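Asks: no sequence for this one, just the structure:
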């Protein structure tokens, strides 16, 4: 009976993996990770602050950009504590409940970000194809409903996987292959029938990402058709330029996301470094690059950043 209780207690604890073969320099590896996290947090908080405080940015496009910043932070921040505890050699352990909560937020916000990118594609479609009806179609109330629907869709769809995990016995190795918890990683350690989780997870990815990406593609087909009907080449380029940042954000999310899914499902015998590398790209690249891209490509955001960080006297002299 004592052995049984000990095994139950053990099953509630998992062990995270850092960078295999480089454990001796984990402290040094933590420096670039810390820089990337700081860039992501500062960049996204800056976007949120500028959109919040500048009345001229209280428009649908910038509301959706604020949602993108929130989902970026929601996807990366749940891993901060466990990652740096591991890299700073404080502890590799993570409790089962903490692990489930962490993966719930990671997967929920990654699906939410996909939905937000679809909403942003619809925003560009309405702005270019129906400019005179833009403000009446995308009202603040409708935008709020879209945001709530995106987060509810993602959280409700991911919940069955999390509930199912609670009933799995974990009698094999309790060592996870990443420095944070992913569903695909954890179910491989279960001593139970995992067909439901595998099939449901694959169907969930196919339907949610598939429908979102299809919606984005259809939006851009209509946008391109509308743009090509514009007589002026300058106006065509101007219209397409408003979509450039969004297209980059779509690629930044979907390429690492699809790559990580393919590696977990079809490259199980690949080097652990490939799995870890793909996992960290998926987690850190969107929050870091999205604010940079929108700051560079969007004049209003760029102007807001200059006002925020450049002293008023210098700014007025330049003006």
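Replies: Great, that's in hand. In this text the structure is predicted, and so the values were computed from the model without any measurement. Numbers count the residues shown, from 1 in each chain.

Asks: so where does the spatially most central residue of the chain fall, helix or strand?
Replies: For the chain, residue 110 is the residue whose C-alpha lies nearest the centre (C-alpha atoms, centre = their mean; 4.2 Å). In the assignment (DSSP states H and E), residue 110 maps to helix 96-129.

Asks: buried ones in that helix, by neighbour count?
Replies: Buried positions in helix 96-129, judged by neighbour count with 16 or more other C-beta atoms under 10 Å: 96, 98-100, 102-129. Bear in mind the C-beta positions are built from the backbone N, C-alpha and C, glycine included.

Asks: okay, the residue nearest to the centre of the chain and residue 217: tell me how far apart.
Replies: Noted for residue 110: a distance of 19 Å to residue 217, by C-beta to C-beta, to the nearest Å.

Asks: now do stretch 283-300: distance to the chain's middle.
Replies: 13 Å (C-alpha atoms, centre = their mean, to the nearest Å).

Asks: go on, stretch 110-122?
Replies: The answer for stretch 110-122 is 10 Å, by C-alpha atoms, centre = their mean.

Asks: what does it rub up against?
Replies: The contact list for stretch 110-122, computed with C-beta atoms under 8 Å, 6 or more residues apart in numbering, reads 61, 64-65, 67-68, 71-72, 74-75, 146-147, 149-151, 153-154, 157-158, 208-209, 212-213, 215-216, 219-220, 246, 249-250, 253-254, 257, 282, 286.

Asks: at 7 Å what do you get?
Replies: 64, 67-68, 71-72, 75, 146, 150-151, 153-154, 157-158, 208-209, 212, 215-216, 219-220, 246, 249-250, 253, 257, 286 (C-beta atoms under 7 Å, 6 or more residues apart in numbering).

Asks: same check on stretch 194-203?
Replies: Contacts to stretch 194-203, defined as C-beta under 7 Å, 6+ apart, come from residues 160-161, 164, 183, 187.

Asks: pLDDT weak spots in the stretch 151-300 of the chain?
Replies: When residues are selected by pLDDT under 70, those of the stretch 151-300 of the chain lie in 231, 264-268, 270.

Asks: all the helices of it, residue numbers only.
Replies: Counting by DSSP state H, counting those that start in this stretch, one finds helices in the stretch 151-300 of the chain at the ranges 183-187, 195-228, 233-266, 272-297, 299-309.

Asks: wait, which of those helices is closest to residue 90?
Replies: helix 272-297 (19.2 Å; C-beta to C-beta).
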